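Trainee: What would the 3D arrangement of this be:
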Amino acid sequence: MSEFSEPTFSNLPPQYTYSTTAAKERSKKLKSYFIHIGLFIITFITTTIAGVEWTTGLFPPYEFSMLVKGLPYSISILTIITFHEFGHYFAAKFHRVRSTLPFYIPFPPIMYFINFGTMGAVIKTKSPISSKKAMFDIGIAGPISGFIATIAILIYGFMNVPPAEYILQIHPDYFSPDYGKEGLQLVFGDSILFMLLREIFVQPNTFFPPMSEIYHYPYLCAGWFGLFVTSMNMIPVGQLDGGHISYTMFGDKKHYAVSSIAFIFLFVVGVAGILDSTLGFNFGIGWSGWLFWALILYFIIRLKHPPVNDDSELDTKRKILGWISFVILILSFSLAPIMITNPVM
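Mentor: Below is the predicted model:
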């Protein structure tokens, strides 16, 4: 009985070993593409369903023909997320930092639960970022790209608000004196930029919905979401996008001080939101979600930025762009972005 040794990399010709390794790499890359594409498709489905729920006020299951109503919302929100993540991706490529394509994060719409159909998307860097310039560019490219897409969608939404008949299809009793007096109301909080764009692009003497109905309007809802996510990402803490920018602009010690102040601010605003809703004041001076976000930043993301072995300073153009990004944070931030109020109280 003859014995045959199993083929191993040690006893194979070099060219065969190389081709086998290359084939494995191609197979691995192909599988990763399937994951990215699959997650995108699932997120497209969940955001489309969420869009139908937001814009019609009806809960699933839906007939297939109804899903068309969710497309303006899902396409808008995925455009914002895609611009944001590919901003990071292409900046990483420019600086020759290996990174993955975006992993979209679907979230199934759940009845009686505030849900945008997605929790955003992430990319993962696969090689170290060795310079502050690269860290800054990768950090800022995402929110700036997403912000530009958000502004474009918001301007379109403000300039194309449907007439009052649209809201009457959802709430036939909208103009009734008793409308909204029973039950709870979901109110999206204003931000400085949302108010400014509304003043600039909404024609005078035309119907415009209050913030308690804004989620029925897909472009305004997606644009509002874009500003909300931008403000969350631009907070100068730890490894958030704003944290990368703050660290590369100010250095380790100053960044940690700024990060700590931002954490304390979010914590206080979050506690204020809990007291406001618990005591029934409904002043809109805070939001409990900011407390939850502050705790995530403190315990998971961490306040301190990991060190980058580069003592060089950013050039003037990048510093100016960094300050502009913090202005964007202020303009996009809302003290109480999501409120559930009782109009009777």
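Trainee: CA only for contacts and neighbour counts going forward, please
Mentor: Will do.
Trainee: Buried residues, stretch 272-282. List them.
Mentor: In terms of neighbour count (16 or more other C-alpha atoms under 10 Å), stretch 272-282 has its buried residues at 272-277, 282.
Trainee: Relative to His216, which of those is nearest.
Mentor: Comparing the buried residues of stretch 272-282 against His216 with C-alpha to C-alpha places Asn282 closest, at 22.4 Å.
Trainee: was I right about the closest one contacting Thr341?
Mentor: Yes - assessed by C-alpha atoms under 8 Å, Asn282 is found in contact with Thr341 at 6.6 Å.
Trainee: before we move on, which element is the most centrally placed residue in the chain in?
Mentor: In the chain, the C-alpha nearest the mean C-alpha coordinate belongs to Val229, at 3.7 Å (C-alpha atoms, centre = their mean). Taking DSSP states H and E as the definition, one finds Val229 inside helix 218-234.
Trainee: Could you list the residues in contact with the helix or strand following that helix?
Mentor: Sequence-wise, the next helix or strand beyond helix 218-234 is helix 241-250, with elements assigned using DSSP H and E. With C-alpha atoms under 8 Å, 6 or more residues apart in numbering as the contact definition, helix 241-250 has outside contacts at 132-133, 135-136, 139-140, 142-143, 233-238, 254-255, 258-259, 305, 313-314, 319, 322, 326.
Trainee: Dump helix 241-250 to CSV, keeping only the CA atoms.
Mentor: Taking only C-alpha atoms (Å, rounded to 0.1, in the frame of the first residue of the first chain), the coordinates of helix 241-250 have been written out as CSV:
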residue,chain,number,x,y,z
ASP,A,241,-15.3,62.4,14.1
GLY,A,242,-15.3,65.6,16.2
GLY,A,243,-12.8,63.9,18.6
HIS,A,244,-10.4,63.2,15.7
ILE,A,245,-10.6,66.8,14.6
SER,A,246,-10.2,68.1,18.1
TYR,A,247,-7.2,65.9,18.9
THR,A,248,-5.3,66.8,15.7
MET,A,249,-6.0,70.5,16.1
PHE,A,250,-5.4,71.0,19.8
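Trainee: what about it, distance to the chain center?
Mentor: 18 Å (C-alpha atoms, centre = their mean, to the nearest Å).
Trainee: what's the answer for stretch 101-120, then?
Mentor: Relative to its parent chain, stretch 101-120 has a centroid offset of 11 Å by C-alpha atoms, centre = their mean.
Trainee: again with stretch 239-257
Mentor: 20 Å.
Trainee: now the end-to-end length of it.
Mentor: With C-alpha to C-alpha, to the nearest Å as the measure, the first residue of stretch 239-257 is 14 Å from its last.
Trainee: If you count contacts, what does whatever helix or strand Lys31 lives in end up packed against?
Mentor: Counting by DSSP H and E, the element that carries Lys31 is helix 14-56. When contacts are defined as 3 or more C-alpha pairs under 8 Å, 6 or more residues apart in numbering; DSSP states H and E, helix 14-56 packs onto helix 71-94, strand 103-106, strand 118-122, helix 218-234.
Trainee: one more time with 6 Å, if that's ok
Mentor: Where contact means 3 or more C-alpha pairs under 6 Å, 6 or more residues apart in numbering; DSSP states H and E, helix 14-56 is packed against helix 71-94, strand 103-106.
Trainee: Pull out the buried positions in stretch 289-307.
Mentor: Using 16+ other C-alpha under 10 Å, the residues of stretch 289-307 that count as buried are 289-291, 294-295, 297-298, 302-305.
Trainee: my bad, stretch 33-42
Mentor: Buried residues in stretch 33-42, counted by 16+ other C-alpha under 10 Å: 36-37, 39-40, 42.
Trainee: If you drop the residues flanking it in sequence, what lies closest to Phe225?
Mentor: The shortest distance from Phe225 to any residue that is not its chain neighbour, by C-alpha to C-alpha, 6 or more residues apart in numbering, is 7.7 Å, and that residue is Ile77.
Trainee: and what of Pro163?
Mentor: Across the structure, with C-alpha to C-alpha, 6+ apart as the measure, the residue nearest Pro163 apart from its sequence neighbours is Phe207 (6.3 Å).
Trainee: any idea how far that neighbour lies from Leu197?
Mentor: From Phe207 across to Leu197, the span is 16 Å (C-alpha to C-alpha).
Trainee: about what we covered before: list buried residues within the contacts of helix 241-250.
Mentor: Looking at the contacts of helix 241-250 with 16+ other C-alpha under 10 Å, the buried ones turn out to be 132-133, 135-136, 139-140, 142-143, 233-238, 255, 258-259, 305, 314, 319, 322, 326.
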